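Visitor: Please find the sequence and the predicted model below.
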Amino acid sequence: MIIYPAIDIKDGRCVRLLQGKEDQVTIYDEDPVAVALTWQKQGAEFVHVIDLDGAWRGKPANADVVAKIVQVLDVPVQFGGGVRTIEAIKELIESGVGQVVLGTIAVTEPALFQRALEMFDDRIVVGLDGRQGNVAIEGWTKDTGEDVVATGRRLADLGVHRLIYTDITRDGTQVGPNIEATGSLARAAGIPITASGGVGSLEDIRNLKALAPDGVEGVIVGKALYERAFSLQDAIEAAR
């Protein structure tokens, strides 16, 4: 199972939010590029980068920082946050981003999303973000009322290669991931799932690893690393 250390960018700085709330932000570092290099040095196989400002505004807002991260790393970058046009996806991939995470348009613009899949295939990952079982979009500010599991199954049928599932109510809390919901989604969708939200201990990682037969292939870890609940090296070891 792959550990994805997370770098969330707001106003050019590395931050973490509580349950995605813009007014509940903790700044961990002024230099996201240095953070990315630290994760690589500590053994990261992939780095997960989210442009929070972009997610709220509907278009990438920290492109310069992301470009620098891509340039300095030897490991691939998975990037999302406000990517809602074909042009934005193309620019990111041409800049060296390994995987582009789409969320809102996967739900609201099916024709555009299908075109993105046809053009970029497995470079597209869908971020499926849930609050109390319903899909949330637009930087988690809007609930759609659509069921997470049903949406995951539909996306898999469209040809999506992999999903990132985040339980919003647990994100940034370190109370543990939603094991039951993650497993249910993985079994229903039948495609690889990366879990996100709530990881606070190595035991959480081991519990997610137990879902590997269901299709859970990775986990995004953020606050637990920044708060030094455990090291990235220990997380990678627990995931093996």
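Guide: Sure thing, it's come through.

Visitor: so which strand or helix has the most centrally placed residue in the chain?
Guide: Closest to where the C-alpha atoms of the chain average out (Cα atoms, centre = their mean) is Ile164, at 5.7 Å. For Ile164, the element it lies in under DSSP states H and E is strand 163-167.

Visitor: Buried residues of the helix or strand following that strand, list them for me.
Guide: Using DSSP H and E, the helix or strand that follows strand 163-167 in sequence is helix 179-189. Of the residues in helix 179-189, Ile179, Ala181, Thr182, Gly183, Ser184, Leu185, Ala186, Arg187, Ala188, Ala189 count as buried by neighbour count, 16 or more other Cβ atoms under 10 Å. Using the backbone N, CA and C atoms, a C-beta is placed for each residue, glycine as well.

Visitor: Stretch 91-109 now?
Guide: The neighbour-count check on stretch 91-109 (16+ other Cβ under 10 Å) flags 91-93, 97-107 as buried.

Visitor: And stretch 66-79, by the same measure?
Guide: Buried residues in stretch 66-79 (16+ other Cβ under 10 Å): Val66, Ala67, Ile69, Val70, Leu73, Val77, Gln78, Phe79.

Visitor: wouldn't Asp53 be in contact with Ile9 here?
Guide: Yes - Asp53 is within contact range of Ile9, at 7.3 Å (criterion: Cβ atoms under 8 Å).

Visitor: When the two are compared, which one has more neighbours?
Guide: Ranked by neighbour count (other Cβ atoms under 10 Å), Asp53 and Ile9 place Ile9 first, with 24 against 19.

Visitor: Can you give me the separation between the closest residue to that one other than its chain neighbours and Asp214?
Guide: In space, and not counting its chain neighbours, Ile9 is closest to Asn62: 4.6 Å by Cβ to Cβ, 6 or more residues apart in numbering. Applying Cβ to Cβ, to the nearest Å, the value for Asn62 to Asp214 is 34 Å.

Visitor: Since that was my last question, I'll sign off now.
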